[in-house]
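>>> sequence? don't have it. structure:
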Ligand SMILES: NC(=O)c1ccc[n+]([C@@H]2O[C@H](COP(=O)([O-])OP(=O)(O)OC[C@H]3O[C@@H](n4cnc5c(N)ncnc54)[C@H](OP(=O)(O)O)[C@@H]3O)[C@@H](O)[C@H]2O)c1
């Protein structure tokens, strides 16, 4: 829940991209000055703040090909889409009697737009996305959807 405890406040926000300014004594994978990105955790304060604290196991190195805004926009939607496709649904496993196809509802959304790109790049599935507006229909097609509903 995002509700704060009584008399307390809660900082919202999941995604972050930034430069490490300090590390804990047990941190082994990162150093001060490293450029990183991550989606945070509910048990810590949110990322809509100038400084935050994160478990190093959640952190990745910011891709050099992305600027700060692009990197900060990526973690949670991409992780959600990845875990859905490859951990939970295991979409690369063939299911006897079904077409090798994937229906992505809300394909133009944050999660859907990542799911389309991952599925197109990493599977041979036929991708069908839903989108309700001309611009979102165009967007999901540009991302790799074979068909739009
Ligand atoms: N964003 C995340 O990182 C994240 C993480 C975990 C879970 N989730 C969950 O994943 C789901 C999608 O989140 P999101 O952030 O991707 O959403 P979003 O960016 O708000 O996208 C929603 C998409 O769904 C379509 N849509 C809106 N209203 C609709 C309706 N009434 N019927 C059918 N389609 C509709 C819209 O497409 P059109 O404009 O083309 O209609 C829009 O592109 C939510 O349940 C959210 O709680 C999101």
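Nice, I can see it. None of these values were measured; they are calculated from a predicted model.
>>> do me a favour and get the end-to-end distance for stretch 53-69?
Stretch 53-69 has its terminal residues 19 Å apart, counting by C-alpha to C-alpha, to the nearest Å.
>>> could you list the buried residues of it?
Buried positions in stretch 53-69, judged by neighbour count with 16 or more other C-beta atoms under 10 Å: 54, 59, 62. No exception for glycine: its C-beta is placed from N, CA and C like everyone else's.
>>> stretch 108-120 now?
108-109, 111-120.
>>> may I ask which two of these are separated the most?
Spanning the widest gap among the buried residues of stretch 108-120 are 109 and 120, at 16.2 Å by C-beta to C-beta.
>>> in what helix or strand does the residue lying closest to residue 125 once chain neighbours are set aside lie?
Of all residues not flanking residue 125 in the chain, residue 102 sits nearest, at 4.6 Å (C-beta to C-beta, 6 or more residues apart in numbering). Using DSSP states H and E, residue 102 sits within strand 101-104.
>>> do that strand and the ligand meet?
No: figure legend: strand 101-104 not in contact with the ligand (C-beta under 6 Å from any ligand atom); closest approach 10.0 Å.
>>> list the buried ones in that strand?
So, applying 16+ other C-beta under 10 Å, buried residues of strand 101-104: 102, 104.
>>> give me the contact list for that strand.
Strand 101-104 is contacted from outside by 91, 112, 115-116, 119, 123, 125-130, 140, 145, 149, using C-beta atoms under 8 Å, 6 or more residues apart in numbering.
>>> filter these by proximity to the ligand?
Among these, the ligand is touched by residue 112 when using C-beta under 6 Å from any ligand atom.
>>> from the contacts of strand 101-104, which land in strands?
126-129 (DSSP state E).
>>> does residue 136 sit in a helix, a strand or a coil?
helix (DSSP: H, G, I helix; E, B strand; the rest coil).
>>> check contacts around it.
107-108.
>>> over to residue 85?
Contacts of residue 85 by C-beta under 8 Å, 6+ apart are 91, 115, 118-119, 123.
>>> same question for residue 69.
Contacts of residue 69 by C-beta under 8 Å, 6+ apart are residue 17.
>>> can you tell me the helix or strand for it?
helix 68-73.
>>> that helix and the ligand in contact?
No: on the criterion C-beta under 6 Å from any ligand atom, helix 68-73 is out of touch with the ligand, staying 9.9 Å away.
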